[in-house]
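**Q** requesting a structural model of the entry that follows:
(one chain, ligands or ions: 1)
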Amino acid sequence: MTKKVKQAVIVVDYQNDFANPEAGSLYVNSWEKIAEAINKVILETKSKWWIVISSRELHPKGHISFASNYIWKEPITESFIRWENPGEKNFITLEEINSGKIQIAEKAQFDLKELKEYIENQETKSDAVWPDHCVEWEFGSEFYKDFDNSLVDIEIKKGFENNTHPYSAFGWRTLDETRTALEVLQDFWVKLVKIVGLATDYCDIATALDAKKYGFEVEFIKEATTWVDPEATINALNKMREKWITIK
Ligand SMILES: [Zn+2]
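**A** Have a look, this model is predicted:
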């Protein structure tokens, strides 16, 4: 590909654990239904100078975001572990860790020091933990079948280290780890970034805000995205509008 590409579509985390109604550990109702809209945005963009980037979570089994890597003094609910109630989540806080209310399980691949640093780096000094999801190279981490991933030019992997759980696709690297998402966009002289995929109130907004921060024009394509929590989604859309991100 030449250095003439000016538009990019970033497909955020359209993986089985999120979008597959039969097998997704973090599947939310209807998330499989935006696949067609994602393919459409990509095909429409193909008539211009373009590049398609897809991000993908690839977590090790001992990952810091998995509830199963903690010992909870009060057991977390089965429905959470199986994500039967979308929007239900558990948080870990420094207070709970320091008081021993939450401990690290044996299978975890991070230590107490890393955990404390991780929590301290969060704006809220707490972080949500999730059912196991997108375990590297297992079925849950593969792209959902209705998304035509043959259209993808470059893949970005997220959260492949034990002690990181980034929502944004920016700052994270290509499969061969040679370039970040930002470097790929700069290499292809991209000016306009279109955001599609999962989910509006988590990874989409984080990716969109980062794209804006790095100086790109940003379009958030509503029909090719979907969400977890309605209220958080309204806030996310407002925040994007405030930052001059175009909601289409
Ligand atoms: Zn994750």
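
**Q** gap between the residue sitting furthest away from the middle of the chain and Asp127?
**A** Distance from the C-alpha centroid of the chain peaks at Ser99, with 30.5 Å (CA atoms, centre = their mean). Using CB to CB, to the nearest Å, we find Ser99 at a distance of 17 Å from Asp127. Using the backbone N, CA and C atoms, a C-beta is placed for each residue, glycine as well.

**Q** what does Val196 give?
**A** For Val196, the distance to Asp127 - CB to CB - is 26 Å.

**Q** these two: who's more crowded?
**A** Val196 (28 against 20; other CB atoms under 10 Å).

**Q** can you confirm that one is in a strand?
**A** Yes. If the criterion is DSSP: H, G, I helix; E, B strand; the rest coil, then Val196 is within a strand.

**Q** skipping its backbone neighbours, what lies nearest it in space?
**A** Ala224 (3.7 Å; CB to CB, 6 or more residues apart in numbering).

**Q** quick check: the one you found touching Leu198?
**A** No. Between Ala224 and Leu198 there is no contact under CB atoms under 8 Å: 10.1 Å.

**Q** any idea where the strands of the protein begin and end?
**A** 7-12, 50-57, 70-72, 90-93, 102-104, 126-129, 154-158, 173-174, 192-198, 217-226, 246-247 (DSSP state E).

**Q** including distance to Asp111, could those strands go into a markdown table?
**A** Formatted as a markdown table, the strands of the chain follow (distance: least, CB to CB, whole Å):
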| stretch | distance to Asp111 |
| --- | --- |
| strand 7-12 | 30 |
| strand 50-57 | 22 |
| strand 70-72 | 13 |
| strand 90-93 | 15 |
| strand 102-104 | 7 |
| strand 126-129 | 16 |
| strand 154-158 | 22 |
| strand 173-174 | 24 |
| strand 192-198 | 30 |
| strand 217-226 | 36 |
| strand 246-247 | 42 |
